[in-house]
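A.B. asks: Here's a sequence, model it:
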Amino acid sequence: MTPADPLAAVTHPDPYPYYRALAARQPFFRHEALGLWVAAGAAEVAAVLAHPDCRVRPPAQPVPPTLAGTAAGELFGRLIRMNDGAAHAPLKGILMRLMANIDPAVAMTRAAALADAIGGSDVDAAGVKRWIFTLPVVAVADLLGMPVAASGNAAEVASQVAAYAASQSPLASAAEVQAGADAAHWLAQWLLDADPSSTGLLPALQSAAQQADVDPAAVAANAIGLMVQACEATAGLAGNSLVRLGREPALLARQDAAALHALVARVARDDPPVQNTRRFLAADALLCGVPVSAGDAVLVLLAAASHDDSHAPSERPWTFGAGRHACPGDALAQALAAATVAALLARGAQPARLVQSLRYRPSLNARIPQFS
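C.D. replies: Prediction:
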């Protein structure tokens, strides 16, 4: 069965023939039922992400209305990935430079050590969910210099990050929005109270930001933002890698680091965790040869660009974006997803059994498997 529309495709069992058809036949079009422009072709996706008038948030709505006036909204409003303009450029430049210095191999090794410290050998469906939503987040917290393993609060940190991430979804209930606001407050206080190691990313970020006269609150918000990005997107990447292993058991013959990295990189392109993103027109413009109006919204189908048969595969998976809002942690995310899969396999996870009860968590943009 073909997905009803590009949003339904996110959680469809196999949306990729549909995406390929859109990329080939409707690379940029107006979807009247959704009230959105849709970019599906690789060239069109690249053009939208590079266009100066295509903003990451509606100009008149910097924070989602459901989060406005809450601690979650205050945190959201400070995230550089949710803002355009020169005000956020200094912190963005600092963060990108520091992220580029992280060695993915070192991060994977540290994640493996954290997996042993976290403990637990439950690899049933519930256990797999716990692992894919916990280990990447805790690994990023560790890279920041936060003492998650020593303090014994790894599970709590991951839970709070997941609660904040869930509150940002348009599908979030009132209770989930409130939980996200509480989580934002908890995380901000945790960062304030904790004493990060001198070799961690956070002290380096704070020092460089202070020299650039960047607001400390923005630094704290974006440190939390790194953990949030490691939550759902990396969970999806690890989970979809398990799905691939379950459907292609021959891949299990090799479980070394190189093989897992290759697997995760392939999944990031073929079955990406972030399937789409949105851009909002700040002015009337000509976009992909079509006149669009200020206030219009564009659904950017990253997953369709990945499957555009008329373009050579991009060296960088489209799921990590492109242009000024490209994710700077693409290599790190893939390393942490590989480390998570390795930890699960080492503890006896059986991907072939997991895929027998596969479904996807309700979402409008993230493809995250749930096993039951």
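A.B. asks: Could you pull out the helices in the stretch 1-150 of the chain for me?
C.D. replies: With DSSP state H, counting those that start in this stretch, the ranges of helices along the stretch 1-150 of the chain come out as 16-25, 42-50, 71-78, 89-100, 104-118, 125-144, 148-151.
A.B. asks: Deepest-packed of these, please.
C.D. replies: A comparison of the helices of the stretch 1-150 of the chain by mean neighbour count, using mean count of other CB atoms under 10 Å, puts helix 125-144 on top with a mean of 24. Where C-beta positions appear, they are placed from N, C-alpha and C, glycine not excepted.
A.B. asks: what distance separates that helix from the centre of its chain?
C.D. replies: Centroid separation for helix 125-144 versus its chain: 13 Å, with CA atoms, centre = their mean, to the nearest Å.
A.B. asks: isn't Gly348 right up against Val123?
C.D. replies: Yes - Gly348 lies in contact with Val123 (CB atoms under 8 Å); the separation is 5.4 Å.
A.B. asks: picking that back up, between the helices of the stretch 1-150 of the chain, which gets nearest to Ser198?
C.D. replies: Closest approach to Ser198 among the helices of the stretch 1-150 of the chain (CB to CB): helix 125-144, 12.2 Å.
A.B. asks: So what's the model's average confidence on the closest one?
C.D. replies: Mean per-residue pLDDT for helix 125-144: 95.
A.B. asks: What is it packed up against?
C.D. replies: Packing partners of helix 125-144 (3 or more CB pairs under 8 Å, 6 or more residues apart in numbering; DSSP states H and E): helix 104-118, helix 148-151, helix 154-167, helix 201-211, helix 216-247, helix 330-346, strand 369-371.
A.B. asks: now it and helix 104-118, what's the angle there?
C.D. replies: Going by axes from the mean of the first three to the mean of the last three CA atoms, to 10 degrees, helix 125-144 is angled at 120 degrees with respect to helix 104-118.
A.B. asks: Okay, now stretch 275-295: how far is its last residue from its first?
C.D. replies: End-to-end span of stretch 275-295 (CA to CA, to the nearest Å): 23 Å.
A.B. asks: buried stuff in it?
C.D. replies: Neighbour counts using 16 or more other CB atoms under 10 Å place Gln275, Asn276, Thr277, Arg278, Arg279, Phe280, Leu281, Ala282, Ala285, Leu287, Cys288, Val292 of stretch 275-295 among the buried residues.
A.B. asks: now swap in stretch 242-253 and tell me
C.D. replies: Buried residues in stretch 242-253, counted by 16+ other CB under 10 Å: Leu242, Val243, Arg244, Leu245, Gly246, Leu251.
A.B. asks: quick check, nearest of those residues to Asp182?
C.D. replies: Nearest to Asp182 out of these is Leu242 (CB to CB; 30.8 Å).
A.B. asks: Surely the closest one touches Val128?
C.D. replies: Yes - assessed by CB under 8 Å, Leu242 is found in contact with Val128 at 7.1 Å.
A.B. asks: what is in contact with the two at once?
C.D. replies: Residues touching both Leu242 and Val128 (CB atoms under 8 Å, 6 or more residues apart in numbering): Leu344, Ala349, Leu354.
A.B. asks: so the last one sits right up against Ala125, yeah?
C.D. replies: Put plainly, it is Leu354. Yes - in this structure Leu354 lies within contact range of Ala125 using CB under 8 Å: 6.8 Å.
A.B. asks: what do those two both touch?
C.D. replies: By CB under 8 Å, 6+ apart, the residues touching both Leu354 and Ala125 are Phe371.
A.B. asks: re the thing from before, closest to Glu44 out of the shared contacts of Leu242 and Val128?
C.D. replies: Closest approach to Glu44 among the shared contacts of Leu242 and Val128 (CB to CB): Leu354, at 35.4 Å.
A.B. asks: who's in contact with that closest one?
C.D. replies: Residues near Leu354 by CB under 8 Å, 6+ apart: Ala125, Val128, Leu242, Val243, Gly246, Phe371.
A.B. asks: Could you export those to a markdown table, including columns for distance to Ala262?
C.D. replies: Converted to a markdown table, the contacts of Leu354 look like this (distance: CB to CB, whole Å):
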| residue | distance to Ala262 |
| --- | --- |
| Ala125 | 26 |
| Val128 | 21 |
| Leu242 | 15 |
| Val243 | 16 |
| Gly246 | 17 |
| Phe371 | 23 |
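A.B. asks: For the residue lying closest to Ala235 once chain neighbours are set aside, give its distance to Val214.
C.D. replies: Take Ala235 and drop its neighbours on the chain: the residue closest to it by CB to CB, 6 or more residues apart in numbering is Ile132, 4.3 Å away. According to CB to CB, to the nearest Å, Ile132 stands 33 Å off from Val214.
A.B. asks: Kindly report the same for Ala346.
C.D. replies: To Val214, Ala346 is 41 Å away according to CB to CB.
A.B. asks: ok, now Arg25?
C.D. replies: 46 Å.
A.B. asks: Repeat that for Trp190.
C.D. replies: According to CB to CB, Trp190 stands 21 Å off from Val214.
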